[in-house]
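Asks: Show me the folded form of this:
(one chain, ligands or ions: 1)
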Amino acid sequence: TSNNSYIATDQTQNAFNDTHFCKVDRNDHVSPSCNVTFNELNAINENIRDDLSALLKSDFFKYFRLDLYKQCSFWDANDGLCLNRACSVDVVEDWDTLPEYWQPEILGSFNNDTMKEADDSDDECKFLDQLCQTSKKPVDIEDTINYCDVNDFNGKNAVLIDLTANPERFTGYGGKQAGQIWSTIYQDNCFTIGETGESLAKDAFYRLVSGFHASIGTHLSKEYLNTKTGKWEPNLDLFMARIGNFPDRVTNMYFNYAVVAKALWKIQPYLPEFSFCDLVNKEIKNKMDNVISQLDTKIFNEDLVFANDLSLTLKDEFRSRFKNVTKIMDCVQCDRCRLWGKIQTTGYATALKILFEINDADEFTKQHIVGKLTKYELIALLQTFGRLSESIESVNMFEKMYGKRLNGSENRLSSFFQNNFFNILKEAGKSIRYTIENINSTKEGKKKTNNSQSHVFDDLKMPKAEIVPRPSNGTVNKWKKAWNTEVNNVLEAFRFIYRSYLDLPRNIWELSLMKVYKFWNKFIGVADYVSEETREPISYKLDIQ
Ligand SMILES: Cc1cc2nc3c(=O)[nH]c(=O)nc-3n(C[C@H](O)[C@H](O)[C@H](O)COP(=O)(O)OP(=O)(O)OC[C@H]3O[C@@H](n4cnc5c(N)ncnc54)[C@H](O)[C@@H]3O)c2cc1C
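Replies: Below you'll find the model as predicted:
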């Protein structure tokens with residue numbers, strides 16, 4: 001439930017405490033309202049991935065407008081929030097040692113070249129209009145069906161941003177500021193713990209928020225800044241600590257995927273009627289068709305969500321709570337996080353409007369609602385789908401990395417267990433017994449031909465084989481032989497421990513030397529700040545935006 005998982009200190013969990021990745025059964029249904037399994041969604045996602053990526057990079061879908069200076073309406077941003085940089089320094093240590101362009105404010109800012117000033121004279125941005133033969137005027141949709149403020153993107157201060165040049169990835173934003181945003185969303189806007197189990201609607205609300213949160217975590221883990229190499233690369237430990245060890249978070253991302261996919265499926269018949277020019281562009285239109293034709297109505301059954309509580313008040317409450325979530329995005333202090341936060345909450349809000357406000361039986365409202373979708377809602381809807389699609393792809397990628405890591409550690413573990421103390425004893429015992437038997441049999445003139453057991457541990461110094469003399473009466477004293485073997489084993493174990501203690505000072509000495517060496521390199525500025533591959537300063541290799 002929301003509050004419980006919020007309070008959990010997930011970072012402290014062992015990332016590899018279970019062999020079952022994410023503890024999710026891929027053949028289970030994603031949720032009671034989704035007649036689709038995790039595996040099926042994975043397959044759909046694989047099929048649409050290329051077309052969807054191409055669509056998101058097209059001129060129509062790659063631009064978004066945002067008012068960077070919109071006032072946070074929940075608290076005085078200069079007062080209630082921690083504004084100093086130290087508040088962001090919760091993920092990367094030693095920020096001060098990094099060059100300026102790696103500081104959180106820079107990583108979280110926009111690539112200025114990719115922003116264009118919006119034209120105040122028209123509510124619509126001219127740049128986007130140039131792409132379209134017919135310009136769609138913004139509309140005053142009745143506020144009663146909106147899950148976000150659709151006029152948010154037409155403000156005087158709104159700027160146009162090229163999303164392909166400002167990817168959602170690790171920014172270093174975190175600490176108290178981000179914590180306050182998430183806690184406000186979960187504690188003040190989600191339904192309470194008891195309530196989430198009450199109905200599918202309240203449960204869906206929490207799932208949407210948690211899936212959104214998990215998706216952000218997945219992206220920042222996938223494109224994480226390795227401060228040693230200066231490269232953006234996947235960070236499996238971070239993913240496991242934030243998402244992978246929480247099956248509910250993984251499930252909620254798939255749930256969100258199903259919700260947004262269903263909304264797209266629902267508006268498919270109306271897409272040709274949109275006046276956005278790029279949709280008229282054959283290639284874009286084909287790609288859009290390819291993507292949506294892979295989707296299916298059974299992916300998500302929106303009729304179930306409000307089925308048990310037909311009360312209109314619950315739907316109103318759901319809508320106004322979600323609108324709050326979209327507004328809280330104005331309080332996010334990291335520009336790039338705010339941009340993607342705004343896009344995704346707008347995308348979810350659009351999906352919810354399509355799913356919950358369009359009545360299939362009522363063609364008039366259907367036309368009315370779909371016909372009045374703004375281009376920013378449509379862009380946000382598709383971009384949000386793109387984010388979730390990438391998240392699902394990343395979960396599968398992290399699973400492979402996890403498998404590799406686990407196999408690697410299994411090998412290390414098995415070699416540890418093969419060489420560990422007790423096995424050495426066992427093998428030593430076997431070897432002694434074998435040697436005794438071999439000697440005995442040689443004495444008896446019955447040479448053994450099977451030598452397969454010999455010398456499993458060639459590198460080990462075995463104790464001299466002890467030949468147990470035969471009793472004079474000719475019968476082997478089995479008990480005495482066993483006793484001697486065990487005593488020998490114990491003695492060998494003590495010798496082994498004793499040798500380890502003797503080695504300890506040498507090991508400590510070597511470790512200290514290595515540390516001093518590393519420290520010296522750092523002091524003279526060599527090792528960590530120069531790329532190992534090229535020996536060039538990292539700044540040349542970084543794609544800083
Ligand atoms: C709108 C928004 C956008 C952001 N975008 C970015 C970005 O693009 N790049 C970037 O690097 N950082 C971004 N951040 C910051 C990022 O989300 C984290 O807040 C930050 O990385 C610190 O993480 P944390 O481990 O302290 O826990 P947080 O992610 O801040 O989570 C706080 C608490 O919530 C709970 N929790 C975590 N995940 C879930 C979940 N899925 N479901 C339920 N409960 C959960 C946990 O108990 C956790 O301790 C964004 C933050 C916000 C609010």
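
Asks: From here on, just use CA atoms for contacts and neighbour counts.
Replies: Noted.

Asks: How about the residues of the protein by the ligand?
Replies: With Cα under 6 Å from any ligand atom as the criterion, the chain meets the ligand at residues 5-9, 168-175, 178-179, 181-182, 210-211, 213-214, 216-217, 220, 249, 329, 337-338, 341.

Asks: I'd like to know which of these are buried.
Replies: 168-175, 178, 181-182, 210-211, 213-214, 216-217, 220, 249, 329, 337-338, 341 (16 or more other Cα atoms under 10 Å).

Asks: Please flag which of these sit within helices.
Replies: 175, 178, 181-182, 210-211, 213-214, 216-217, 220, 249, 337-338, 341 (DSSP state H).

Asks: Which two of the residues you listed have the greatest separation?
Replies: Arg249 and Arg338 (21.3 Å; Cα to Cα).

Asks: Which positions in stretch 371-389 come out as buried?
Replies: With burial defined by 16+ other Cα under 10 Å, the residues of stretch 371-389 counted as buried are 372-389.

Asks: what is the rounded mean pLDDT of the host helix or strand of Tyr254?
Replies: In this assignment (DSSP states H and E), Tyr254 forms part of helix 247-267. Averaged over helix 247-267, pLDDT sits at 94.

Asks: so where do the helices sit in the stretch 301-450 of the chain?
Replies: Ranges of helices within the stretch 301-450 of the chain are 302-305, 312-328, 335-357, 363-371, 375-419, 421-443, based on DSSP state H, counting those that start in this stretch.

Asks: again with the stretch 101-250 of the chain
Replies: Counting by DSSP H, counting those that start in this stretch, the stretch 101-250 of the chain has helices at residues 104-107, 126-130, 175-183, 193-196, 200-222, 236-239, 247-267.

Asks: now the fifth one against helix 312-328, angle please.
Replies: This means helix 200-222. Angle between the axes of helix 200-222 and helix 312-328 is 20 degrees (criterion: axes from the mean of the first three to the mean of the last three Cα atoms, to 10 degrees).

Asks: I'd like the distance between Ser512 and the ligand.
Replies: Taking Cα to the nearest ligand atom, to the nearest Å as the measure, Ser512 falls 33 Å from the ligand.

Asks: who are the neighbours in contact with that residue?
Replies: Counting by Cα atoms under 8 Å, 6 or more residues apart in numbering, Ser512 touches no other residue.

Asks: Could you report the pLDDT at it?
Replies: If you check Ser512, the pLDDT there is 88.

Asks: can you tell me the helix or strand for it?
Replies: According to DSSP H and E, Ser512 maps onto helix 478-523.

Asks: thinking again about what came up before, other residues contacting the helix holding Tyr254?
Replies: Counting by Cα under 8 Å, 6+ apart, 22-24, 30-31, 34, 38, 41, 207-208, 210-212, 214-215, 243-244, 292-293, 295-297, 299-300, 347-348, 351-352, 354-355, 370, 381, 384-385, 388-389, 391-392 sit against helix 247-267.

Asks: Equivalent analysis for stretch 358-367, please.
Replies: Ile369.

Asks: Now do the buried residues in that stretch.
Replies: Under the neighbour-count criterion of 16+ other Cα under 10 Å, stretch 358-367 has Ile358, Lys366 buried.

Asks: Quick one: end-to-end distance for it.
Replies: Terminal residues of stretch 358-367 are spaced 9 Å apart (Cα to Cα, to the nearest Å).

Asks: give me phi/psi at Ser31?
Replies: Main-chain torsions, Ser31, degrees, to the nearest 10: phi -160, psi 170.

Asks: Please report how far it lies from Tyr498.
Replies: According to Cα to Cα, Ser31 stands 58 Å off from Tyr498.

Asks: ok, the two, which is more surrounded?
Replies: Neighbour count, other Cα atoms under 10 Å: between Ser31 and Tyr498, Ser31 has more, with 18 against 11.

Asks: Spatially, which residue comes closest to the more buried one, not counting chain neighbours?
Replies: Leaving aside its sequence neighbours, Ser31 sits nearest to Phe255 (Cα to Cα, 6 or more residues apart in numbering; 6.9 Å).

Asks: Could you count how many residues lie near the one you found?
Replies: Using other Cα under 10 Å, Phe255 has 27 other residues around it.

Asks: That one and Asn301: what is the separation?
Replies: Separation of Phe255 from Asn301 (Cα to Cα): 11 Å.

Asks: Need the residues touching each of those two.
Replies: Both Phe255 and Asn301 are contacted by Cys34, under the criterion Cα under 8 Å, 6+ apart.

Asks: which one of the ones in helices among the buried ones among the residues of the chain next to the ligand is nearest Glu233?
Replies: Leu220 (9.6 Å).

Asks: so the closest one sits right up against Tyr173, yeah?
Replies: No. If you go by Cα atoms under 8 Å, Leu220 and Tyr173 don't touch, sitting 10.3 Å apart.

Asks: Quick check: neighbours shared by those two?
Replies: Common contact partners of Leu220 and Tyr173 (Cα under 8 Å, 6+ apart): none.

Asks: Show me what counts as buried in stretch 252-263.
Replies: Within stretch 252-263, the residues that count as buried by 16+ other Cα under 10 Å are Asn252, Met253, Tyr254, Phe255, Asn256, Tyr257, Ala258, Val259, Val260, Ala261, Lys262, Ala263.

Asks: okay if I get those as CSV plus distance to Met514?
Replies: Formatted as CSV, these follow (distance: Cα to Cα, whole Å):
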residue, distance to Met514
Asn252, 45
Met253, 44
Tyr254, 46
Phe255, 49
Asn256, 49
Tyr257, 49
Ala258, 52
Val259, 53
Val260, 53
Ala261, 54
Lys262, 57
Ala263, 58
